[in-house]
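Engineer: here's a sequence, model it:
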Amino acid sequence: MFAIAFPAIDPIALEIGPVVIRWYSLAYVGGILFGWRYILRISPLSAEKIDRKCIDDFIIWATLGIILGGRFGYVVFYNPAFFMENPLLIFAMWHGGMAFHGGLIGLAIATWVFARRNGIQFIAFSDLVCAAAPIGLFFGRIANFINGELFGRQTDIPWAIVFPGGGPKPRHPSQLYEAGLEGLLLFIVLSIMIFKFKALNRQGLVAGGFMMIYGLSRYLVEFVRQPDDHLGTIFNIATMGQILSLPLIIIGLWLAHRAFQQS
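Structural biologist: You can find the predicted model right below:
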């Protein structure tokens, strides 16, 4: 059976004495910084005029929302029994364990609180944040691939890869599928909506598009992504990722419908 060898990329990008910088950490930093610059670029196109100082100040809020929400989501959605028995390990984030859906909830809460404190329309500001989110998703999934984690199910497709932690059988490079769909494709679609169709003039349309496309992309990729060993499929029907993506699709449809009802 033909398979592509896993590229020998060290998960550690830089190591100077006791200081270790991993590609996964750089993915978070890069996603947030590039996302910040992109929000500055598109904010003048929004009907809600938001000054640069607010956008600059939001970086810290976004970072905390993503990290705390991502960890909370992993603990609650993916391994609650383990962390109930080992509560101190909840804070051992260097061992890994982040969940996108939790990060999205944390980011949404941070955005809502920040918007209220600064007198900004929450949905209008959410449009800007969601427009930039695919940048972080792209970097994050590439980092997942470098780490050899979150790989796909066994397959005999020509581009299958043998992952170091996935046994001897070739598998779908599901991290790259997600990088392409949830990152690159989603960014392109939302950018076209913003620059060609002036989607930021309809509050909620970009956020709704983000949720719908991400939710659908994640739902489809889950069919070839290896489920977590301790979870498998829920009731032998769907993975946890698919279950958590369905509300996103529904909320996205509602936001898009609401946006088109605006005069």
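Engineer: which SS class is the nearest residue to Leu40 once chain neighbours are set aside?
Structural biologist: Closest residue in space to Leu40, ignoring its immediate chain neighbours: Ile55 at 5.8 Å, by C-beta to C-beta, 6 or more residues apart in numbering. C-beta coordinates here come from the backbone N, C-alpha and C atoms, glycine included. Assigned by DSSP: H, G, I helix; E, B strand; the rest coil, the conformation of Ile55 is helix.
Engineer: next one, pLDDT for Ile55 please.
Structural biologist: The model reports Ile55 with a pLDDT of 97.
Engineer: got it, and Gly65?
Structural biologist: If you check Gly65, the pLDDT there is 97.
Engineer: got the contact list for it?
Structural biologist: Gly65 is in contact with Gly103, Gly106, Leu107, Ala108, Ile109, Ala110, Thr111, counting by C-beta atoms under 8 Å, 6 or more residues apart in numbering.
Engineer: residues in contact with Leu216?
Structural biologist: If you count contacts by C-beta under 8 Å, 6+ apart, Leu216 has them with Ser245, Ile249.
Engineer: against Gly148, how distant is it?
Structural biologist: Using C-beta to C-beta, to the nearest Å, Leu216 is found at 26 Å from Gly148.
Engineer: so what's Leu186 up against?
Structural biologist: Pro134, Leu137, Phe210, Ile213, Tyr214, Ser217.
Engineer: that one in helix, strand or coil?
Structural biologist: Under three-state DSSP, Leu186 comes out as helix.
Engineer: kindly report the same for the one 3 residues further on.
Structural biologist: For Val189, the reduced secondary structure class is helix; criterion used: three-state DSSP.
Engineer: that one touches Ile213, doesn't it?
Structural biologist: Yes: taking contacts as C-beta atoms under 8 Å, Val189 lies within contact range of Ile213: 6.2 Å.
Engineer: among those two, which residue is more densely surrounded?
Structural biologist: Set side by side, Val189 and Ile213 show unequal neighbour counts under other C-beta atoms under 10 Å, the larger going to Ile213 at 20 against 15.
Engineer: got the buried residues for the strand or helix carrying the more buried one?
Structural biologist: Assignment of secondary structure by DSSP states H and E places Ile213 within helix 205-221. In terms of neighbour count (16 or more other C-beta atoms under 10 Å), helix 205-221 has its buried residues at 205-219, 221.
Engineer: for stretch 68-81, same thing?
Structural biologist: Neighbour-count burial for stretch 68-81, with 16+ other C-beta under 10 Å as criterion, is recorded at Leu68, Gly69, Gly70, Arg71, Phe72, Gly73, Tyr74, Val75, Phe77, Tyr78, Asn79.
Engineer: and the end-to-end length of it?
Structural biologist: 19 Å (C-alpha to C-alpha, to the nearest Å).
Engineer: mean confidence score for that stretch?
Structural biologist: Along stretch 68-81, the predicted local confidence has a mean pLDDT of 92.
Engineer: just the residues contacting it, thanks.
Structural biologist: In this structure, residues lying in contact with stretch 68-81 by C-beta under 8 Å, 6+ apart are 83, 90, 93, 97-107, 109-110, 228, 230-231, 240, 244.
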